[in-house]
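Asks: sequence and predicted structure are below.
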Amino acid sequence: MKESVWVIWLGSAAAMVFGEGWVTTAGFAAFAGTLGIHVLEFLVKRPVMEKAEGSMGYHFVQTLIYGLFHWKPLEDSAPPAD
């Protein structure tokens, strides 16, 4: 499931490079939208990642690529708050 995000990234990049007209515009919109949403996810879920093992750089890159498929398992496995 996690790898399915690559379809969006690679499909939108291919549309920007090889497409013409509205296909290029749609590819750019999908690429920019996905990037923007994943940056927002990182900012909102940063406390979850700070509690998890690993560097913030690693979590940032993983969130940019995979979004919720990265942080959701971390959140689910975190110990409950006191």
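Replies: Received, thanks. Numbers count the residues shown, from 1 in each chain.

Asks: per-residue pLDDT, the nearest residue to residue 78 once chain neighbours are set aside?
Replies: Counting by Cβ to Cβ, 6 or more residues apart in numbering, residue 78 lies nearest to residue 51, which is 5.8 Å off, once chain neighbours are set aside. Any C-beta I mention is one placed from the backbone N, CA and C, and that applies to glycine too. As summarised for this prediction, residue 51 has a pLDDT of 91.

Asks: ditto for the one 4 residues further on
Replies: Model confidence at residue 55, expressed as pLDDT, equals 94.

Asks: need the contact list for it.
Replies: With contact taken as Cβ atoms under 8 Å, 6 or more residues apart in numbering, residue 55 is in contact with no other residue.

Asks: for it, give me phi and psi.
Replies: Residue 55 has phi and psi values of phi -80, psi 160 when expressed as degrees, to the nearest 10.

Asks: ok, back up a step: what is the burial count for the residue nearest to residue 78?
Replies: Burial measure for residue 51: 12 neighbouring residues, criterion other Cβ atoms under 10 Å.

Asks: spatially central residue for the protein, please.
Replies: The central residue of the chain, meaning the one whose C-alpha is nearest the mean C-alpha position (Cα atoms, centre = their mean), is residue 67 at 3.0 Å.

Asks: need phi/psi at it.
Replies: phi 60, psi -130.

Asks: would you confirm that it contacts residue 38?
Replies: Yes: taking contacts as Cβ atoms under 8 Å, residue 67 lies within contact range of residue 38: 4.8 Å.

Asks: where does the protein dip in pLDDT?
Replies: Low-confidence segments of the chain, defined by pLDDT under 70, span residues 81-82.

Asks: where exactly do the helices run in it?
Replies: With DSSP state H as the criterion, the chain has helices at 5-18, 22-51, 56-66, 68-77.

Asks: who touches the shortest one?
Replies: Around helix 68-77, the neighbours that count as contacts under Cβ under 8 Å, 6+ apart are 1-2, 5, 41-42, 45, 48-49, 51-52, 59, 62-63.

Asks: ok, those vs residue 11, which is closest?
Replies: For those, the minimum distance to residue 11 (Cβ to Cβ) is 10.6 Å, reached by residue 5.

Asks: nice, that's everything, thank you.
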